[in-house]
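Peer 1: sequence below, structure please.
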Amino acid sequence: MGNGEASKSERYTGAGIVDSGVESERETVPIFDNGGRICMLFYRFRRVHRHFPICWTGRRTCYPDGGPFTARKTVSIRYCSCEQADVACSVLTRLRMRLFSLLLIGAGAGAFDRSRVSWKNESRGIYYSYTAEDGSKTKISPWHDIPFTLGKDDGGAMLLSFVCEIPRNSRPKIEIHKSEPYNPLLQDVKKDGSLRYYMYSDSLVNYGAITQTWEDPNKKDPDTGLGGDNDPIDVLQLNESPCERGAIQRVRVLGGLALIDEGETDWKLLVVDVDAADAPNWRDVSDIPKTRVDELRDFFRLYKTAEGKPENKYGLDGRAVDAAHALVVATGTHVHWAEGRKGNAECEFKTSPCWMGLSQTATKGEL
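Peer 2: Next up is the predicted model:
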């Protein structure tokens, strides 16, 4: 135990904090209890940075139950172990994290009314607007102005905001455009200027992205050791019915696949739309039929071979991570987005700066 490793025999039961008895030399803070969903095993501590804590097992970085919060202090920790935990994280205090979680959920669900969002096809793509109580409409960005979280489900799981880009059984490669003002949904183009389509097959899922996220190419992912693909984090929405392109949905995260696409980290979150009539009652990756996960893993490994490119690879030996791990990954990309939005990280797309809604044109535009 002198090396800071928690006892392997102790387990978190969901009833409270399990203490291995090993304490640090300075301030001791408990791990945040989130019903066992994001309960972390941690080994050592490091200085808390301005926007989020950095904590380690090897290269692992995690953000317990929610993500960025502001603190400037060195946190020493108490070593705990949890039933399903294999990642490390320190927290400031149980109270602070509970407060931050409530603030995060409140910001997503309280101040923002999803029913007031509309979208329409224009000559340049799909653009979004938000209707105020007085009936006036304001142009918004689906990337920046729709909150990361949209409340919780009946079981208390955090729900994230999903933008439908490629409905199931379709082929046009539509995505949030990072450098176009207001980030409309546009069809991607190849280097020769031709429009991109899935060449391998129709899309097997409802494909899209989580709002207010960004896989920073200058930040190495701890599961792959590679920088991000410079896009909002990708989503595989598993409902049977095709989504409407442009729709904003509340989704429950079940797990994820750490795809490596042409040397870049390109996570694929596995989710379900909780408000759909055909929503399966899945809570974690273990609830998804294995054949379904295998099918998706093979598709994203092989789909670019139809364009003459090599097979993609996976981090973690292709293992699909569970919901807790995937939420940590998603929250990390939310932190990266926040850094980019504040100008603390550089975002470019095809040599043009990303449109972040700040000081490039007006943040909001009247329609």
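Peer 1: endpoints of stretch 219-235, how far apart?
Peer 2: With CA to CA, to the nearest Å as the measure, stretch 219-235 spans 20 Å from end to end.
Peer 1: report the buried residues of that stretch.
Peer 2: Under the neighbour-count criterion of 16 or more other CB atoms under 10 Å, stretch 219-235 has 219, 221-224, 226-235 buried. From N, CA and C alone the C-beta is placed, and that goes for glycine too.
Peer 1: quick check: Y197 vs G246, distance?
Peer 2: Y197 sits 18 Å away from G246 when distances are taken as CB to CB, to the nearest Å.
Peer 1: more neighbours, the two?
Peer 2: G246 (23 against 17; other CB atoms under 10 Å).
Peer 1: now do the contacts for the closest residue to the more buried one other than its chain neighbours.
Peer 2: In this structure, G246 finds its nearest non-sequential neighbour in W119, 4.1 Å apart by CB to CB, 6 or more residues apart in numbering. Shown in contact with W119 (CB atoms under 8 Å, 6 or more residues apart in numbering): 126-129, 142, 185, 246-247.
Peer 1: W119 in helix, strand or coil?
Peer 2: strand (DSSP: H, G, I helix; E, B strand; the rest coil).
Peer 1: who's it bridged to?
Peer 2: Y128 (DSSP bridges).
Peer 1: can you show me the strands along the stretch 51-200 of the chain?
Peer 2: Using DSSP state E, counting those that start in this stretch, the strands found in the stretch 51-200 of the chain span residues 76-77, 117-122, 125-131, 137-140, 149-152, 158-166, 174-176, 185-187.
Peer 1: can you flag the weakest of these by average pLDDT?
Peer 2: Among the strands of the stretch 51-200 of the chain, strand 76-77 has the lowest mean pLDDT, at a mean of 30.
Peer 1: can I assume L302 sits in a helix?
Peer 2: Yes. Assessed by three-state DSSP, L302 belongs to a helix.
Peer 1: pretty sure it sits against E311.
Peer 2: Yes. If you go by CB atoms under 8 Å, L302 and E311 touch, sitting 6.0 Å apart.
Peer 1: next one: the residue nearest to G246 from Q237, what distance?
Peer 2: Note on W119: its distance to Q237, by CB to CB, is 17 Å.
Peer 1: what of P172?
Peer 2: P172 is 17 Å from Q237, where distance means CB to CB.
Peer 1: same thing with Y130?
Peer 2: 23 Å.
Peer 1: ok, these two, which is more surrounded?
Peer 2: Per other CB under 10 Å, whichever of Y130 and Q237 has more neighbours is Q237, with 23 against 19.
Peer 1: just give me the neighbour total for the nearest residue to that one once chain neighbours are set aside.
Peer 2: Among residues not flanking Q237 along the chain, N206 sits closest, at 3.8 Å (CB to CB, 6+ apart). Using other CB under 10 Å, N206 has 31 neighbouring residues.
Peer 1: ok, now A324?
Peer 2: 24.
Peer 1: wait, doesn't Y200 sit right on F299?
Peer 2: Yes. Contact criterion CB under 8 Å: Y200 and F299 qualify, at 7.2 Å.
Peer 1: how is this protein divided into domains?
Peer 2: 1-98, 112-366 (automatic domain parsing).
Peer 1: and these, which one averages the lowest pLDDT?
Peer 2: Here the lowest mean pLDDT among these goes to domain 1-98, at a mean of 31.
Peer 1: tell me how far the nearest residue to E311 once chain neighbours are set aside lies from I174.
Peer 2: With CB to CB, 6+ apart as the criterion, E311 has its nearest non-adjacent residue at 5.5 Å, and that residue is R301. Here the criterion is CB to CB. By it, R301 lies 22 Å from I174.
Peer 1: pick out whichever of those two has more residues nearby.
Peer 2: Comparing R301 with I174 by neighbour count (other CB under 10 Å), the higher total belongs to I174, at 24 against 18.
Peer 1: nearest spatial neighbour of that one, chain-adjacent residues omitted?
Peer 2: E165 (4.7 Å).
Peer 1: identify the residues contacting that neighbour.
Peer 2: 174-176, 185, 207-209, 245.
Peer 1: which SSE is immediately downstream of the strand ranked longest in the chain?
Peer 2: When the chain is parsed with DSSP state E, its longest strand is strand 248-261. Downstream of strand 248-261, the next assigned helix or strand under DSSP states H and E is strand 264-273.
Peer 1: in that following strand, what counts as buried?
Peer 2: For strand 264-273, the neighbour count (16+ other CB under 10 Å) marks 264-273 as buried.
Peer 1: same deal with stretch 207-220?
Peer 2: Buried residues in stretch 207-220, counting neighbours by 16+ other CB under 10 Å, are found at 207-217, 219.
Peer 1: over to stretch 299-310?
Peer 2: Residues of stretch 299-310 classed as buried by neighbour count (16+ other CB under 10 Å): 299-301, 303-304.
Peer 1: just checking, C243 touches V251?
Peer 2: No. C243 is beyond contact range of V251, at 10.2 Å (criterion: CB under 8 Å).
Peer 1: who has more neighbours, these two?
Peer 2: A count of neighbours by other CB under 10 Å puts V251 above the other of C243 and V251, at 28 against 24.
Peer 1: show me what contacts that one?
Peer 2: If you count contacts by CB under 8 Å, 6+ apart, then V251 has 159-162, 235, 237, 271-274 around it.
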